[in-house]
Every structure is written in C-alpha cells, then in structure tokens.
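> Fold the following for me, if possible:
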Amino acid sequence: MTRTRLADVACSIARATDLFGDAWTALIMRDVITGVTRFDDIARDLGISRKVLAARLTRLVEEGVLVRERYQEHPPRDDYRATRKGEELYPVLLALMEWGDRWYAQPAGPPALIHHLDCGHDTHAVAACAHCGEPLTVHNTTQLPGPGGRVGPGTRVLGPLMAARGADAGK
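Numbers count the residues shown, from 1 in each chain. I've put the predicted structure just below:
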C-alpha cells in the first residue's frame, strides 16, 4: 500500500498540517510571534534539542513562514522573524490556545492572556462568519466542495460526501 503524503492531499487542513502539525513547530511559532526570536533563546525556552530546532527552523524558512536576519557576524547569529505567511498563523495559534485554555487550563487559570491593544481589553479568539459576524460552530456550518477539491488520497470518503452536500445546496 502506498503511503499518502499530507502535502499531496486535496485538503487545506492536510497541507497545512504537513508543515505545522507537530507540537514543536507550533511552539516555535508561538515563541517567535511573541518575541523570542534567537535560536539559543528558543532552544532554552522550549527545552528542545538543538538538532530538532535547527531542522524545524530550516523547514519554516524554506516554506517562507520565517526569515533569518543576521544580528551578529562573529560568530554568526540570526534572529528568526515571522513573514506575512507566518504572521497569518497567529489566528491558528489563538484558536489552539483558546481550546487548550478551555479544556486543559490548571485550576489557577490560563497560563497567558491575550490583550487587545486597540481597545485595551483582555480577549479570546472567536471564529466568526466573515459576512454576518455570527460565531461559527460545528452545528451551524457545513463543508461544500471547493474549486480545488478532488477525490483521492485523504479525501476518498470526504470528497463524495462534500460533493453530495454541494448538489443538495444547489437545489
């Protein structure tokens, strides 16, 4: 049996998870976006092996999620900064944080708060409809086929299910 590569699946979640699907990558992005940008600081903060960190950072740079910026020549040292592509992972991190706070926070409460600088209030992530602003839930949404959808590895059952929903929605 041939193994399915997530990057080849006609699913945006699968493709994103191919890059972003391990805990180290999410935590590296959390650190960089929050301001921990130097290799040694990230390694110390996360307690991650230097080899694993170097591999994850290399991949994130290759994918255009992070860029290296030299801050010292001798010995060579770099900061890692989020690109626009990397910054757009922030809502994903906020959603994971919100879910983790809801289901895994300790009795003392969540380990970090999100403070909205524009209005001055602490807040939390909310997935909302781009058209009406109402919260999105599993009960008030459905998935329909998109123009890049296809039936294949990773969508052999889901693809026909969404196609049927699309046909029903057109009635």
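
> only C-alpha atoms for contact and neighbour calcs from this point on.
Fine.

> show me what contacts residue 142?
By C-alpha atoms under 8 Å, 6 or more residues apart in numbering, no residues touch residue 142.

> and it, what pLDDT?
In this model, residue 142 is scored at 90, pLDDT.

> host element of it?
For residue 142, there is no host helix or strand (DSSP states H and E).

> State the distance from it to residue 45.
The gap separating residue 142 from residue 45 is 39 Å, by C-alpha to C-alpha, to the nearest Å.

> what mean pLDDT would you report for the helix ranked longest in the chain?
Using DSSP state H, we find that the single longest helix of the chain is helix 90-104. Mean per-residue pLDDT for helix 90-104: 94.

> continuing past that helix, what's the next helix or strand?
Using DSSP H and E, the helix or strand that directly follows helix 90-104 along the chain is strand 114-116.

> which residues are contacting that following strand?
Contacts of strand 114-116 (C-alpha under 8 Å, 6+ apart): 121, 122, 123, 124.

> Go through these and say which is closest to residue 89.
residue 124 (15.6 Å; C-alpha to C-alpha).

> Tell me where the model's unsure across the chain.
1-4, 170-171 (pLDDT under 70).

> what about residue 60, is that helix, strand or coil?
helix (DSSP: H, G, I helix; E, B strand; the rest coil).

> just the one 10 residues further on next, same as before
Secondary structure, three-state DSSP: residue 70 is strand.

> I figured it was touching residue 76, is that so?
Yes. Using C-alpha atoms under 8 Å, residue 70 is in contact with residue 76, at 7.2 Å.

> Between the two, which is the more surrounded one?
residue 70 (11 against 8; other C-alpha atoms under 10 Å).

> Pull up the gap between that one and residue 37, please.
Where residue 37 is concerned, residue 70 sits at a distance of 11 Å (C-alpha to C-alpha).

> overlap in contacts of these two?
residue 79.

> rewinding a little: which one of the contacts of strand 114-116 has the most neighbours?
Ranking the contacts of strand 114-116 using other C-alpha under 10 Å puts residue 124 first, with 14 neighbours.
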